[in-house]
Structure formats: structure tokens, C-alpha cells
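Chemist: I would like to see how this sequence folds:
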Amino acid sequence: MSRWTWTLGLLAAGCTTRPAAPPVEARVAPLALPAPAPDLDPAPDAVRVRLTAERTSEAPLRYAYNGQRPGPVIRAKVGDRLTVELTNGLAAPTTIHWHGVQVPWAMDGVSWMGAPVPAGGQFSYEFNLLHPGTFWYHPHFDTEKQVDAGLYGLLIVDDPAEPAADDEVLLVFDADDEHRPATDDLPDGDPGRPAHGHGGRAARWTVNGEAGPVQWTGRGGQRVRVRMLNASNTGYLALTWPGLRQIAGDQGLLPAPQTPDVVVLAPGDRAEFEWLLGREGFTLDRLPWSLNGGRTYAEAEPLVDVVVEAPADAPAPLALPYPGGAPSADPPYSDLIYTFSGSDRTGVWLINGERFPDVTIDSVAVGQRPVLEIRNVSASHHPFHIHGMRFEILSIDGAPPPYRRVEDTIDVGIRQRVRVQLWPDEPGDWMAHCHLLPHADDGMMTVLRVRP
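Modeler: Numbers count the residues shown, from 1 in each chain. Got it, this is the predicted structure:
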């Protein structure tokens, strides 16, 4: 019996020290969904929005897009041309990176071999939306500090061929850590640097910017599509609730729905779920989870209470166009190898023994499908993310995944070996890094060049 199964069995049997919860209405606030970004373009196949990055608080340091944390939800459909007009109202440079979205290299929002948007400056990002899914946007300049301070938001790309749910819930999770307040003028490495620091203990989790738990109310008989994002710098989310049904991951629909007991979202991960509301509500719990070893033996923490009004029979699931398909075969070779090493003790994190920006740039050609092997020889998990392309998971420690997984972010466990097949379809110099943002800022980042 696995540690997960044993722990969940205790919870199901009532063998837990967690005290009885007071009535839902007495302990939680209503869930507030992040507001949408208005579309300023009347054309049916174009979306244009305006974002202003600005400071909203000095101590603690808080940034926001358009005064919102999380930022406005940008929504479009496959085939649309998206234009985002950024005004930088910060006292420092910034950019916007489109995490998980296939974009031209010049639109990727990184300052590698390019200039960020200066303080007081403006820039328009323009690209076509090629794939449906739940994506997100955030800076890729002074990334740890600016994301931690609140610069992030959802980008949802709808597929018109998919049937609409009866309702939709957007959940953006973030973790606040116990550090002294930071200000704009503190240099990197100062103790006041805002950090969900490596191994740091999260003081609380927020849901759509508010301290959890929160309450959402739906009607019995409804099919609810739930989109989740873990926007934390270092916090991992191990989530569980009755009837957990996952329908999509980082890059859209799964081959078929999955019903695990627990789903773990690493920093940068997204996932979609279906709530089939019936006669009873339920609670979405967070199980404590450490990047230095996984599940920890502490009490579960409620994050979202789902209340059902007008109880009715649970509906049938949505008839979504799941793509099906088995995992691709893992070939007996590697085109690229990334070895992750380093430690919090030294404050240095490396890929292939190199610390960004002093890195060797490997290259592949557009349209190739190279096999990348990721080896983690450190004592920390690392969510690996690569810009500009998707990849398929071929194997984890020699075993194929239970279903075909196409991702843009994959958690690589301690001493784990993960093999993926990259899909480089856009030329450019693409960043590849750990999405524990302190690790990336401390050197765990490299560049893969895609030749035309």
C-alpha cells in the first residue's frame, strides 16, 4: 500500500486529529472570480486588451495588472489574433511571458538577447492563438520578485468545438510566506527580497487573491468546468476532494478523463476538472506537500467549500472531444541531457554544471522531435518548463506514463529521471528552466536554440 493510499484511507476512516469544522457559512467568505479583460477589438477573430503593470502597495510590496491580483482574465478562442498593449507603470523594467502558449520568439517576453519594457514604456504583444487550453501570463524580468508581488493572470483559449458547461469556476492559487516586507529598492540577495524561498513554509494559501478557505455555491444538476493555476513561486499544491475528475492538463484535454485520489500542481502547473453537482456539497482540501520530499504528515487544510443549493441528481459528464491515444514509445537514445544540481545551502542551482547566463546553447531544427532526458541529482523537486514549445512525457524512471501526457511544465522529483520528446515548431532562443523561481533566478536556467 502506498503512502498516499494509507494517508487517504486514514482521512476517509476518520482517523485524523483535524477538529470538526464549524458551519460553512460561519467561517468562509464567498469566492470572487477574477474579472475579465475587456476586448477592445470588435472583429470576431481578434482580441485586443490593455494591461498596466503598477505598484499598489509599498510594505508589503504589491504589484498588479490593472489594479487586480490576480490580473484580468484574457479570453479568446483558437484562431484569434491576440493583441496585448502593455504599459509599464513600475519603477523598474518588466515584460510579459505567455506561459505554455506557442508564440513567435520576439513575443515571448524574455530579456535574453533583447530589451525589457522600460519603466514608463509601452509594448504591444501580438500573436495568433493556435491551441486551446488554460494558460497564464507573468513577467520574465526580475521574475521571482515581480511574480511574487502579484503580476500574473489567466489566459484562456477556448475551443469552439467543445460543448459549454453549465458554469465555470476559475481558481488561481498562491502561497504567502513569512518574510519581512520588501520594497522596490532592495537588491537581489537582500533578506527582504520577496521570496516564496526554497523550502519556505507557506503561512497561508490564497484563492483568487483572498485568504482561504472560500465558499462557492452552485446548483444541483449542474456540470461545472473548473480551471486551476498554481501561481506560487515555490509552493506545491496537493489537492483532493470527493469525486475528483480531471479533464485537462497544461496543454488542453487529456486523452480521457482521469479520477486520481490526489492531484499535485507544481508551481506553474494548470489543470482542469469537472464538478458534477448533485445533492451534497464537498470541500477541496490541500494536503501538505514539500518540495524536499513530497507528502508530509500534517493536517489537511480546506481551501474551497462547494455548497449545493437546489439539490438534484448529479448530471452526466460533458461530451468533450477527448483525443485518446497511447503514450509514444521511448527510444533507446537521448538527443539532449539536462542534469539539475545545486542546493539551498550554497544558493547556487545549475543545469549541466552551468549557471545562467554562462551556459552552453544547444540547438535543434524546426520540426525535429528531439528526445530530452532530465536528470535530477539534487535534494529538491524541480518543475521543468521550456518556452515556445510543448513536449510529450515518454517515461519517468524508465516507466511510461499511464496515459499520453503533453505538457509544458513537468515536475521532476528527487533523484528522478524524466524523458520527454520536444516539439520545437518556432525558431528562436528559448529559455528552459526550473519554475521554482528562486532556483531560476539563482542559475537553474539555460537556452535551447531552434534553427529555422
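Chemist: residue ranges with poor pLDDT in this protein?
Modeler: 1-27, 177-203 (pLDDT under 70).
Chemist: any idea where the helices of it begin and end?
Modeler: Per DSSP state H, the chain carries helices over the ranges 3-13, 24-27, 143-148, 437-441.
Chemist: for residue 127, which non-adjacent residue is spatially closest?
Modeler: Nearest non-adjacent residue to residue 127, counting by Cβ to Cβ, 6 or more residues apart in numbering: residue 103, 4.4 Å away. In short, each C-beta sits where N, CA and C put it, glycine included.
Chemist: so what's the residue count around residue 367?
Modeler: 10 (other Cβ atoms under 10 Å).
Chemist: and if you look at residue 378?
Modeler: 22.
Chemist: surely it and residue 340 touch.
Modeler: Yes: contact between residue 378 and residue 340 holds when scored by Cβ atoms under 8 Å: they sit 5.7 Å apart.
Chemist: shared neighbours of these two, anything?
Modeler: residue 349 (Cβ atoms under 8 Å, 6 or more residues apart in numbering).
Chemist: can you tell me the closest non-neighbouring residue to residue 388?
Modeler: Closest to residue 388 by Cβ to Cβ, 6+ apart is residue 430, at 4.1 Å.
Chemist: is that neighbour in contact with residue 104, as I believe?
Modeler: No: in this structure, residue 430 is not within contact of residue 104 by Cβ under 8 Å, at 11.3 Å.
Chemist: which of the two has more residues huddled nearby?
Modeler: Per other Cβ under 10 Å, whichever of residue 430 and residue 104 has more neighbours is residue 430, with 21 against 14.
Chemist: how far away is the closest residue to residue 224 other than its chain neighbours from residue 221?
Modeler: Counting by Cβ to Cβ, 6+ apart, the nearest residue to residue 224 once its immediate chain neighbours are dropped is residue 275, at 4.1 Å. Per Cβ to Cβ, to the nearest Å, residue 275 is found 12 Å from residue 221.
Chemist: what of residue 342?
Modeler: 51 Å.
Chemist: who has more neighbours, these two?
Modeler: Just comparing residue 342 and residue 221: by other Cβ under 10 Å the higher neighbour count belongs to residue 342, 24 against 17.
Chemist: isn't that one right up against residue 349?
Modeler: Yes: using Cβ under 8 Å, residue 342 is in contact with residue 349, at 3.6 Å.
Chemist: give me the common contacts of these two.
Modeler: In contact with both residue 342 and residue 349: 378, 439, 442, 443, 444, using Cβ under 8 Å, 6+ apart.
Chemist: got those residues as JSON lines, with distance to residue 392 columns?
Modeler: Converted to JSON lines, the shared contacts of residue 342 and residue 349 look like this (distance: Cβ to Cβ, whole Å):
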{"residue": "378", "distance to residue 392": "25"}
{"residue": "439", "distance to residue 392": "24"}
{"residue": "442", "distance to residue 392": "29"}
{"residue": "443", "distance to residue 392": "28"}
{"residue": "444", "distance to residue 392": "23"}
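Chemist: buried members of those into ChimeraX, please.
Modeler: Only the buried entries of the shared contacts of residue 342 and residue 349 go into this ChimeraX selection, using 16 or more other Cβ atoms under 10 Å:
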select :378,439,442,443,444
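Chemist: nearest to residue 212, of the shared contacts of residue 342 and residue 349?
Modeler: residue 439 (25.8 Å; Cβ to Cβ).
Chemist: and the closest one, how far is that from residue 108?
Modeler: 20 Å.
Chemist: if we can go back for a sec, near the residue nearest to residue 224, how many other residues are there?
Modeler: 25.
Chemist: what bridges to residue 418?
Modeler: residue 374, residue 396 (DSSP bridges).
Chemist: hang on, isn't it packed against residue 384?
Modeler: Yes: Residue 418 lies in contact with residue 384 (Cβ under 8 Å); the separation is 7.4 Å.
Chemist: which neighbours do these two share?
Modeler: 374, 410, 412.
Chemist: all good on my end, thank you.
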